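Enquirer: coords please:
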Amino acid sequence: MATDRPLTVRAHGDTGLVMVRDFAAPRHRVFAALTEPPLLRRWLGARGWNLVTCEVDLRPGGAWRFVSEGPGGALMGHGGHYREVSPFDRLVYTESYDDRWTAGESLVTAELSGATTLTTTVAYPSREVRDHALRSPMERGVGDGYARLDAVLEELP
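Expert: This is a model prediction of the structure:
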């Protein structure tokens with residue numbers, strides 16, 4: 001499993017952050033892994049966390065909903081609506097967490113480019129929320145999930 005690809009995370013503007021990660025797979029495979037429930041269930045989340053609910057209505061206006069279960073039975077739910085779906089290139093969607101830690105809705109833009117770079121930009125409701133995300137273990141969790149995604153991508157035809 002290729003886990004030596006670094007994830008970079010940095011602040012962006014007043015309320016955003018940008019995460020960038022390269023994958024050794026064509027864009028259509030990475031896009032499928034970002035949008036298809038059977039694949040999402042195999043990789044999304046930090047080590048020790050697994051999706052127990054994974055609902056995706058992949059169309060503009062369509063809803064998505066994920067609930068992950070972690071250590072000790074902890075649950076984390078979040079969801080939103082797709083605003084833009086451009087297969088193999090771009091997803092734009094809203095995101096809010098059940099526990100409201102983000103104090104509202106965030107806007108996420110995931111773009112695939114080159115061979116294959118995933119750039120995810122998150123616009124949070126405020127600078128305070130963005131800074132909280134940067135201080136949280138979010139970077140470790142995303143990195144763990146992407147390492148799991150590497151293994152899934154290696155198995156896809």
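Enquirer: make it CA atoms for all contacts and neighbour counts henceforth
Expert: Will do.
Enquirer: in the longest helix anywhere in the chain, what's buried?
Expert: The residue-count maximum for a helix in the chain (DSSP state H) belongs to helix 138-155. Across helix 138-155, burial judged by 16 or more other CA atoms under 10 Å covers 139, 141-150, 152-153.
Enquirer: could you dump those into TSV with pLDDT added?
Expert: Formatted as TSV, the buried residues of helix 138-155 follow (pLDDT from 0 to 100):
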residue	pLDDT
Glu139	92
Gly141	92
Val142	95
Gly143	94
Asp144	94
Gly145	95
Tyr146	96
Ala147	95
Arg148	95
Leu149	96
Asp150	96
Val152	96
Leu153	96
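Enquirer: now for the closest residue in space to Arg47 that isn't next to it in sequence: which residues touch it?
Expert: What sits nearest to Arg47 in space, not counting adjacent residues and going by CA to CA, 6 or more residues apart in numbering, is Asp144, at 6.0 Å. Residues near Asp144 by CA atoms under 8 Å, 6 or more residues apart in numbering: Gly45, Ala46, Arg47.
Enquirer: top of the residues you listed by number of neighbours, please.
Expert: Neighbour counts for these peak at Gly45, which has 25 neighbours (criterion: other CA atoms under 10 Å).
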